[in-house]
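Engineer: Structure of the sequence below:
(chains A and B)
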Number of protein chains: 2
Amino acid sequence: MTKKRKGLVIVNTGKGKGKTTAALGLLMRARGQGLQTCVIQFIKSDTGRWGEVKTAQELGIEWHKMGDGFTWLSKDVDESAAKARHGWKLAQEKIISGEYDLIVLDEFTYTMHFKWLDTQEVIDWLKANKPPEMHLVITGRYAPEALTEYADLVTEMTKIKHPFDQGRKAQRGIEF
Amino acid sequence: MTKKRKGLVIVNTGKGKGKTTAALGLLMRARGQGLQTCVIQFIKSDTGRWGEVKTAQELGIEWHKMGDGFTWLSKDVDESAAKARHGWKLAQEKIISGEYDLIVLDEFTYTMHFKWLDTQEVIDWLKANKPPEMHLVITGRYAPEALTEYADLVTEMTKIKHPFDQGRKAQRGIEF
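Structural biologist: Here you go, the predicted model:
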C-alpha cells in the first residue's frame, strides 16, 4: 500500500444517477495508478451489475456481491438487518486488513438509513479502524447527516432529467 | 453494434465531483456488456488523467486525448477555438462512423460555454447525424440549456463538501 497520503472518505449520494458509476470511475482511475481496490456491493441489484462486474473481473478488481444481500423490496426486516450486518462484517475485515488502497461500499447508505446498522457505531468503528491512508467510497441515497459530517468529500447527484420519466426502458450497458 | 435500442444522450454537469468518473463508470459497464466505446477528452488535464487512461488502454477502450487541446487557463481565444473545433471534428468522425455503441465527450460542455463552438450547431448536427442507437455521454460544468433540453438524461453533481476546502492536496488515484 502506498504510504504518506491522507485517505479520503468519499460519499456519493442524492437521488440522481452517477453515484455508483462515479465510484466505478474512481476504481478505474485507482487501478490505473496501481492501487489495490475492492468493492462490496450491498444491494442485490435487479440488473445484477453485470457489465461492471465483468469488467472488474477482467481488471482483477476484487468484487464481493452480497448474493444473499437485501433488496429494495425486502419485507422481512429482521432478515434484511441480518444480511446488512453480514455485509458490514465483511467490509470491516477488508478495511482492517490493510491490503487495500481504496474500498467501495456500494449502496451502503441504506443499511444506516433503514436502521439495520447504527450510523454512529459505523462511524466510530471507521474512525478507530480505517487505515489512515486508505480511501473509502460509500454510495447510495439518503446518506445520514452524521456520515456526511464524517466524510471528507460529499457529492450529491441530482436528477435534472431522466429518460424513465419519458417511459423508456433501462438500457443494457447504461443502466446495468 | 447492437441494434434495437434507443441511444441516450447523457449529460453530467454541475460543479461537483463525479462528472467524468461517472462517465468512466458507464464505460466500465458498457465494456462489460461487450459494447464498443470511445472517449474524446477535450480538456488537457493538469493531471493527465493517467489512471483512467492506463486502465482504458488495458481494457482496449479507445481514448483520444486532445494533446493539443485547450486548457482551463488558455489566454489565446483564437487558438482555443481552433483546438475545440479540431476535437469536435474528430468527435463527428467517430460519431458518424457507426462503429461505436457509446462515445464519451469528456469536458465537452466548455467548448460551447466559451462559444468556441455554437451550441445550436452542435445539437443540430447531432440530431441529424448521431446513430439513433448510439449512446453519447457529455461531461463538464456549465452545460448550455439547449444541450440539457436535447439530452435524455441530465444529472447535476453538486459539491456538498470537498477536501480542497480544508487545504488538502489532490490525491493520486482519486483526483487523477
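
Engineer: remind me, longest strand of chain A?
Structural biologist: strand A:153-161 (DSSP state E).

Engineer: So for stretch A:108-123, first residue to last residue, what's the gap.
Structural biologist: In stretch A:108-123, first residue to last residue: 13 Å (Cα to Cα, to the nearest Å).

Engineer: picking that back up, in CSV, could you pull the C-alpha coordinates for the longest strand of chain A?
Structural biologist: Taking Å, rounded to 0.1, in the frame of the first residue of the first chain, the C-alpha atoms of strand A:153-161 are listed here in CSV:
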residue,chain,number,x,y,z
LEU,A,153,-15.8,14.6,0.2
VAL,A,154,-19.5,14.5,-0.3
THR,A,155,-21.2,14.9,-3.7
GLU,A,156,-24.9,15.0,-4.3
MET,A,157,-26.1,13.7,-7.6
THR,A,158,-29.4,15.4,-8.6
LYS,A,159,-31.7,14.2,-11.4
ILE,A,160,-32.4,17.1,-13.8
LYS,A,161,-33.9,14.9,-16.4
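
Engineer: Can you name the residues in contact with that strand?
Structural biologist: Contacts of strand A:153-161 with the rest of the structure, by Cβ atoms under 8 Å, 6 or more residues apart in numbering or on different chains, involve A:8-19, A:22, A:143, A:148, B:13-14, B:16-18, B:22, B:148, B:151-163. C-beta coordinates here come from the backbone N, C-alpha and C atoms, glycine included.

Engineer: Any idea what the spatially most central residue of chain A is bridged to?
Structural biologist: Geometric centre of chain A, nearest residue: A:Asp106, 1.9 Å, by Cα atoms, centre = their mean. For A:Asp106, the beta-bridge partners under DSSP bridges are A:Gln41.

Engineer: could you flag which of the contacts of strand A:153-161 are buried?
Structural biologist: Buried members of the contacts of strand A:153-161, scored by 16 or more other Cβ atoms under 10 Å in any protein chain shown, are A:8-14, A:16-19, A:22, A:143, A:148, B:13-14, B:16-18, B:22, B:148, B:151-159, B:161-163.

Engineer: What about A:Lys44, how many residues nearby?
Structural biologist: A count of nearby residues for A:Lys44, using other Cβ atoms under 10 Å in any protein chain shown, gives 18.

Engineer: Repeat that for A:Gln41.
Structural biologist: A:Gln41 has 24 nearby residues by other Cβ under 10 Å.

Engineer: how near is it to B:Gly16?
Structural biologist: Distance, A:Gln41 to B:Gly16, by Cβ to Cβ, to the nearest Å: 23 Å.

Engineer: any chance you could map the strands in chain A?
Structural biologist: So, for chain A - with DSSP E - the strands run A:9-13, A:37-41, A:62-65, A:102-106, A:135-139, A:153-161.

Engineer: gap between A:Phe176 and B:Phe114?
Structural biologist: 36 Å.

Engineer: between the two, who's got more neighbours?
Structural biologist: With neighbours defined as other Cβ under 10 Å, A:Phe176 and B:Phe114 compare such that A:Phe176 has more, 18 against 15.

Engineer: The more buried one and A:Gly51 touch, don't they?
Structural biologist: Yes: using Cβ atoms under 8 Å, A:Phe176 is in contact with A:Gly51, at 6.1 Å.

Engineer: which neighbours do those two share?
Structural biologist: Contacts common to A:Phe176 and A:Gly51, judged by Cβ under 8 Å, 6+ apart, are B:Arg29.

Engineer: surely A:Ala23 meets A:Gly140?
Structural biologist: No: counting by Cβ under 8 Å, A:Gly140 is not a contact partner of A:Ala23; they are 10.1 Å apart.

Engineer: which residues do these two both contact?
Structural biologist: Counting by Cβ under 8 Å, 6+ apart, the residues touching both A:Ala23 and A:Gly140 are A:Asn12, A:Asp106.

Engineer: all helices of chain A, in order?
Structural biologist: A:19-32, A:50-58, A:77-97, A:109-113, A:119-129, A:145-150 (DSSP state H).

Engineer: In CSV, list those along with distance to chain B.
Structural biologist: Shown next, in CSV, are those (distance: least, Cβ to the nearest Cβ, whole Å):
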stretch, distance to chain B
helix A:19-32, 3
helix A:50-58, 3
helix A:77-97, 17
helix A:109-113, 13
helix A:119-129, 15
helix A:145-150, 6
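
Engineer: winner for burial among these?
Structural biologist: Mean neighbour counts were taken over the helices of chain A using mean count of other Cβ atoms under 10 Å in any protein chain shown, and the top value, a mean of 27, falls to helix A:19-32.

Engineer: That helix: how far from the chain's middle?
Structural biologist: 11 Å (Cα atoms, centre = their mean, to the nearest Å).

Engineer: now the angle from it to strand B:9-13?
Structural biologist: 80 degrees (axes from the mean of the first three to the mean of the last three Cα atoms, to 10 degrees).

Engineer: then helix A:19-32 to PDB, C-alphas only?
Structural biologist: Output of helix A:19-32 as PDB, limited to C-alpha atoms (Å, rounded to 0.1, in the frame of the first residue of the first chain):
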ATOM      1  CA  LYS A  19     -23.400   7.500  -7.600                       C
ATOM      2  CA  THR A  20     -22.200   4.000  -8.300                       C
ATOM      3  CA  THR A  21     -20.800   4.800 -11.800                       C
ATOM      4  CA  ALA A  22     -18.600   7.600 -10.300                       C
ATOM      5  CA  ALA A  23     -17.300   5.100  -7.700                       C
ATOM      6  CA  LEU A  24     -16.600   2.700 -10.700                       C
ATOM      7  CA  GLY A  25     -14.700   5.600 -12.400                       C
ATOM      8  CA  LEU A  26     -12.600   6.000  -9.300                       C
ATOM      9  CA  LEU A  27     -11.900   2.300  -9.300                       C
ATOM     10  CA  MET A  28     -10.700   2.600 -12.900                       C
ATOM     11  CA  ARG A  29      -8.600   5.600 -12.000                       C
ATOM     12  CA  ALA A  30      -7.100   4.000  -8.900                       C
ATOM     13  CA  ARG A  31      -6.500   0.700 -10.800                       C
ATOM     14  CA  GLY A  32      -4.500   2.600 -13.500                       C
END
